[in-house]
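Novice: no sequence for this one, just the structure:
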């Protein structure tokens with residue numbers, strides 16, 4: 001530990017650059033991902049505020065198991081099919097993918113299209129099923 005501190009003091013410029021890069025990366029990832037909800041928070045949003053689940057997985061994977069009443073628009077077609085979501089513009093949207101990684105990009109795309117109340121579900125369907133929550137086929 002003493003050698004590490006000695007290195008930091010002797011190479012303060014290099015250490016500062018690394019710290020700046022790490023902070024920049026964290027801020028970039030946070031801005032890219034959008035706000036995240038747990039499966040429990042997503043359920044409360046749907047039940048209490050009439051929210052809508054948007055599943056962006058491919059149709060074949062969606063049919064294998066999905067959240068009840070979820071709307072399926074694959075991520076690859078979301079840009080061209082976003083008009084199908086116009087009837088949900090005033091409702092909160094929760095975007096769900098398989099692992100929770102691709103949904104951040106979908107949230108940003110929907111925000112660019114004018115949807116203001118869009119969130120992603122942290123962990124995606126993997127987290128949903130691992131918590132034992134129901135999925136329909």
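Specialist: Received it, and whenever you're ready, just let me know what you need. The shown structure was predicted, so the numbers you read here are calculated from the model rather than taken from an experiment. Numbering: from 1, shown residues only.

Novice: which other helices and strands contact the strand or helix carrying residue 107?
Specialist: Element membership of residue 107 [criterion: DSSP states H and E] is helix 103-112. In terms of contacts (3 or more CB pairs under 8 Å, 6 or more residues apart in numbering; DSSP states H and E), helix 103-112 is packed against helix 12-33, helix 78-81, strand 93-96, strand 118-121. The C-beta positions use only the backbone N, C-alpha and C, and glycine is treated the same way.

Novice: Quick check: which of these is nearest to residue 45?
Specialist: strand 93-96 (6.2 Å; CB to CB).

Novice: State the mean pLDDT of the closest one.
Specialist: Strand 93-96 carries an average pLDDT of 95.

Novice: Outside of that strand itself, list whatever touches it.
Specialist: With CB atoms under 8 Å, 6 or more residues apart in numbering as the contact definition, strand 93-96 has outside contacts at 37, 42, 45-46, 51-57, 67, 70, 85, 103, 106-107, 110, 115, 117-121, 124-125, 128.

Novice: Got the domain ranges for this structure?
Specialist: For the chain, automatic domain parsing gives the domain ranges 2-31, 34-130.

Novice: quick one: low-confidence parts of this protein?
Specialist: 31-34 (pLDDT under 70).
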